[in-house]
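Asks: any chance you can model this:
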Amino acid sequence: MTNPAIGAADDHRPAHDAAGPSTRSDRTAWLEPIVCAPGDDEETRRRKVQFTLVSVLVTPAGLIWAAIYFAYGERTVALFPLAYSVFTLLDFLVLVRVRRYELFRMVQQGLILVLPVALQAGLGGFVGGSIVIIWSFLTILMAVLFGGIREARWWFAAFLVAVVASALVESRLPVDNRLPHWLVLSFFVLNIGTVSWIAFVVLSVFVADRRRLRELEVAYLKQDLMLRQSEKLATLGTLAAGVAHELNNPAAATRRAAEQLRDAFARLEQAHLRLESAALTPAGRDVLRSLDEQARARAIRPSDLDAVARADREAAVEHWLEEHEVANPWELAPALAALGLDPSGPSLLADALAGEALAPALTWAASAFTVYTLVNEIGQGSARVSEIVRALKSYSYVGQAPVQAVDLHEGLDNTLVILGSKLKEGITVHRDYGADVPPVPAYGSELNQVWTNLLDNAADAMGGKGAITIRTRRRNGWAVVEIEDDGPGIPPAIQSKVFDPFFTTKGPGQGTGLGLSTSHSIITDRHKGAIAVESRPGFTRFTVRLPLAESPVVPSPGA
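Replies: Residues are numbered from 1 along each chain as shown. Down below sits the predicted model:
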């Protein structure tokens with residue numbers, strides 16, 4: 001299998017490696033246009049040249065072999081190695097003429113299989129023929145190297161048939177031949193030694209190539225792991241900055257409210273002491289009790305007045321306080337107006353309270369409302385901090401099993417909380433969650449990394465303004481998650497490359513090109529799911545499918 005990362009890196013190699021002659025050797029470069037096709041890779045081209053070159057160079061050996069047999073009286077037998085050399089040259093001429101390498105290779109492998117068997121039969125069998133049939137085994141070796149395992153199985157079967165057939169006709173062959181014993185013995189040793197040496201060299205080269213390939217794979221895996229860790233660290237840095245920003249707002253609001261609460265509580269105590277020294281009627285105490293309840297309710301549910309109406313009410317209350325000579329009217333008016341009092345409210349208080357109790361009562365009411373409001377702000381700020389921390393812990397699945405039943409909706413919501421600082425300004429998020437989507441067996445933290453990459457990319461693509469829609473549904477044994485945005489879209493020419501490692505449309509220093517590649521690996525390799533993208537101007541949708549069972553129904557392209 002071709003690794004997509006290696007394929008991506010190979011795009012930078014010289015053009016001649018993919019479609020034209022290489023410059024590896026001037027002595028063999030002339031063969032490449034004859035035996036190689038435009039789409040052959042470098043390894044295929046090298047092996048085709050090697051096979052053709054070896055086949056041609058063996059031709060003189062066949063002629064020498066034929067000459068030796070002819071010299072020692074085996075003139076008929078000499079025709080077999082001679083035929084091998086002649087047929088090989090004819091096969092090569094046909095190759096030069098028609099440029100059909102596979103035809104050339106199959107003919108050569110057939111010659112290597114058939115001619116040693118015929119030669120052995122002509123010399124009297126296994127012993128008389130110096131076990132020359134062993135040369136036929138090279139057919140299998142060539143098929144493995146240049147054709148493939150499936151093809152080699154058929155050649156191996158043919159070799160076994162030839163060996164068995166040779167054994168069956170052994171008794172019917174001539175007992176002896178005209179070759180001297182020393183020559184038969186020499187050929188016996190030469191045949192076994194040469195074929196064994198060729199097999200050893202080929203296997204050694206093959207093992208060395210496999211070792212180098214393994215070393216390259218290990219180096220690539222290490223580099224890939226480091227790059228992916230770098231991507232995770234970069235994502236972690238972005239998330240950390242976003243979380244810090246999200247935590248800073250409620251934390252700062254809580255601290256500010258706590259500091260203001262100190263002064264507000266001191267004013268409340270002073271007003272309370274002044275009320276204790278004033279003569280309050282039972283009706284006045286009932287009014288103060290009612291104001292306290294109203295202050296609690298208003299602190300939780302702020303006034304719904306717009307800015308202009310609120311300013312008008314504050315001005316009216318301040319004017320009433322000045323007319324009744326209440327001290328510091330500009331300080332009390334905002335709180336009393338927020339409490340829900342208009343000029344008619346203080347007038348009712350004036351009727352229910354004695355003259356000396358009016359000012360401390362109004363001060364007490366304003367201070368009580370301020371205290372309740374600040375306490376509520378502190379509660380909201382701390383609740384927001386707790387929500388972010390809870391979402392962060394759930395997002396990372398700290399202290400939980402790596403594989404578990406994951407609530408996709410919870411993971412998506414937690415991711416939105418983590419990315420809140422990036423999504424809340426100018427971006428509207430719509431949730432369309434399917435009620436029938438069950439928990440999915442998955443690596444929760446890795447899925448959240450996928451949602452982070454997709455949502456973060458959507459926000460970047462829209463330039464911080466637009467709408468993101470998240471949909472979930474259940475279909476044919478799959479949980480389907482769609483993340484859609486109304487950004488500019490992805491050009492059709494590069495849509496097929498968005499999941500390739502190191503491919504990015506962002507500017508230099510803005511992306512590593514591993515976000516979508518990592519997401520693709522998490523979904524397809526780790527979870528045996530599928531991820532796809534469809535895009536046009538104003539519309540981009542990433543669709544993630546996760547299996548709900550071990551053997552889900554394979555979704556159709558339009559599902």
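Asks: low-confidence ranges in the stretch 301-450 of the chain?
Replies: 302-307, 310, 323-325, 340-357, 390-402 (pLDDT under 70).
Asks: mind listing the strands for it?
Replies: 403-406, 427-432, 440-443 (DSSP state E, counting those that start in this stretch).
Asks: what's the closest of the ones you listed to A309?
Replies: Nearest to A309 among those is strand 427-432 (27.8 Å), distances taken as Cβ to Cβ. Any C-beta I mention is one placed from the backbone N, CA and C, and that applies to glycine too.
Asks: who are the packing partners of the closest one?
Replies: strand 466-475 (3 or more Cβ pairs under 8 Å, 6 or more residues apart in numbering; DSSP states H and E).
Asks: follow-up on the earlier one: most packed of the strands of the stretch 301-450 of the chain?
Replies: When the strands of the stretch 301-450 of the chain are scored by mean count of other Cβ atoms under 10 Å, the highest mean neighbour count falls to strand 440-443 (a mean of 19).
Asks: and that strand, what does it pack onto?
Replies: strand 403-406, strand 539-547.
Asks: ok, now with 10 Å
Replies: strand 403-406, helix 408-418, helix 444-461, strand 478-485, strand 539-547 (3 or more Cβ pairs under 10 Å, 6 or more residues apart in numbering; DSSP states H and E).
Asks: can you say which of those is nearest to K48?
Replies: Of the helices and strands packed on strand 440-443, nearest to K48 by Cβ to Cβ is strand 539-547, at 41.6 Å.
Asks: can you list the strands that that closest one pairs with?
Replies: The pairing partners recorded for strand 539-547 under DSSP bridges are strand 478-485 (antiparallel), strand 530-536 (antiparallel).
Asks: of those, which stretch is the most buried?
Replies: strand 478-485 (a mean of 22).
Asks: the one helix or strand L213 maps to: what's the following helix or strand?
Replies: Taking DSSP states H and E as the criterion, L213 maps to helix 181-277. Per DSSP H and E, the first helix or strand lying C-terminal to helix 181-277 is helix 282-300.
Asks: next, the angle from the helix holding L213 to helix 444-461.
Replies: Between helix 181-277 and helix 444-461, the angle comes out at 80 degrees (axes from the mean of the first three to the mean of the last three Cα atoms, to 10 degrees).
Asks: quick one: helix 181-277 to helix 408-418, angle?
Replies: Using the same axes, to 10 degrees, helix 181-277 lies at 70 degrees relative to helix 408-418.
Asks: any weak-confidence spans in the stretch 101-250 of the chain?
Replies: 175, 224-225, 227-243, 245-246, 249.
Asks: my bad, should have said the stretch 451-559 of the chain
Replies: For the stretch 451-559 of the chain (pLDDT under 70), the answer is 502-514, 550-559.
Asks: returning to that earlier point: mind putting the strands paired with strand 539-547 in a markdown table, distance to R211 included?
Replies: A markdown table is the format used below for those (distance: least, Cβ to Cβ, whole Å):
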| stretch | distance to R211 |
| --- | --- |
| strand 478-485 | 42 |
| strand 530-536 | 35 |
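Asks: domains for this structure, by residue range?
Replies: For the chain, the domain assignment from automatic domain parsing gives the residue ranges 4-223, 251-384, 403-547.
Asks: surely K465 touches I427?
Replies: Yes. K465 is within contact range of I427, at 6.7 Å (criterion: Cβ atoms under 10 Å).
Asks: what do these two both touch?
Replies: A459 (Cβ atoms under 10 Å, 6 or more residues apart in numbering).
Asks: hmm, back to that, the helices and strands packed on strand 440-443: which one's closest to L275?
Replies: helix 408-418 (44.9 Å).
Asks: what helices or strands is that closest one leaning on?
Replies: helix 181-277, helix 355-396, helix 420-423, strand 427-432, strand 440-443, helix 444-461, strand 466-475, strand 478-485.
Asks: what angle separates it from helix 355-396?
Replies: Going by the same axes, to 10 degrees, helix 408-418 makes 120 degrees with helix 355-396.
Asks: for A459, which of the strands paired with strand 539-547 is the nearest?
Replies: So among the strands paired with strand 539-547, strand 478-485 is nearest, using Cβ to Cβ, at 8.1 Å.
Asks: what about P488, distance to W451?
Replies: Relative to W451, P488 is positioned 22 Å away (Cβ to Cβ, to the nearest Å).
Asks: of the two, which one has the most company?
Replies: The neighbour comparison of P488 against W451 (other Cβ atoms under 10 Å) goes to W451, with 24 against 16.
Asks: which residues touch the more buried one?
Replies: 395, 408, 411-416, 418-419, 470, 481, 483, 519, 544.
Asks: how about a cut-off of 7 Å?
Replies: G411, L412, T415 (Cβ atoms under 7 Å, 6 or more residues apart in numbering).
Asks: shouldn't T59 be in contact with T88?
Replies: Yes. T59 lies in contact with T88 (Cβ atoms under 7 Å); the separation is 5.2 Å.
Asks: those two: who's more crowded?
Replies: Shown here are T59 and T88; by other Cβ under 10 Å, T88 has more neighbours (21 against 16).
Asks: so which elements touch the helix or strand hosting that one?
Replies: Secondary structure assignment for T88, by DSSP H and E: helix 75-98. Contacts defined by 3 or more Cβ pairs under 7 Å, 6 or more residues apart in numbering; DSSP states H and E place helix 75-98 against helix 32-35, helix 59-71, helix 101-122.
Asks: and that helix with helix 101-122, angle?
Replies: Counting by the same axes, to 10 degrees, helix 75-98 lies at 180 degrees to helix 101-122.
Asks: what mean pLDDT does helix 75-98 have?
Replies: In this model, helix 75-98 has a mean pLDDT of 90.
Asks: just the C-alphas of it, formatted as CSV.
Replies: What follows is helix 75-98, C-alpha atoms only, in CSV (Å, rounded to 0.1, in the frame of the first residue of the first chain):
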residue,chain,number,x,y,z
ARG,A,75,24.9,-31.6,-31.7
THR,A,76,21.2,-32.1,-31.3
VAL,A,77,21.2,-31.1,-27.7
ALA,A,78,23.3,-28.0,-28.6
LEU,A,79,20.2,-26.7,-30.4
PHE,A,80,18.4,-26.1,-27.0
PRO,A,81,20.7,-23.4,-25.6
LEU,A,82,21.2,-22.1,-29.1
ALA,A,83,17.4,-21.8,-29.4
TYR,A,84,17.2,-20.0,-26.1
SER,A,85,19.7,-17.3,-27.4
VAL,A,86,17.9,-17.0,-30.7
PHE,A,87,14.4,-16.7,-29.2
THR,A,88,15.6,-14.2,-26.7
LEU,A,89,17.1,-12.0,-29.3
LEU,A,90,13.9,-12.3,-31.4
ASP,A,91,11.8,-11.5,-28.3
PHE,A,92,13.9,-8.4,-27.7
LEU,A,93,13.5,-7.3,-31.3
VAL,A,94,9.8,-7.6,-30.9
LEU,A,95,9.9,-5.6,-27.7
VAL,A,96,11.8,-2.8,-29.5
ARG,A,97,9.2,-2.9,-32.3
VAL,A,98,5.9,-3.1,-30.4
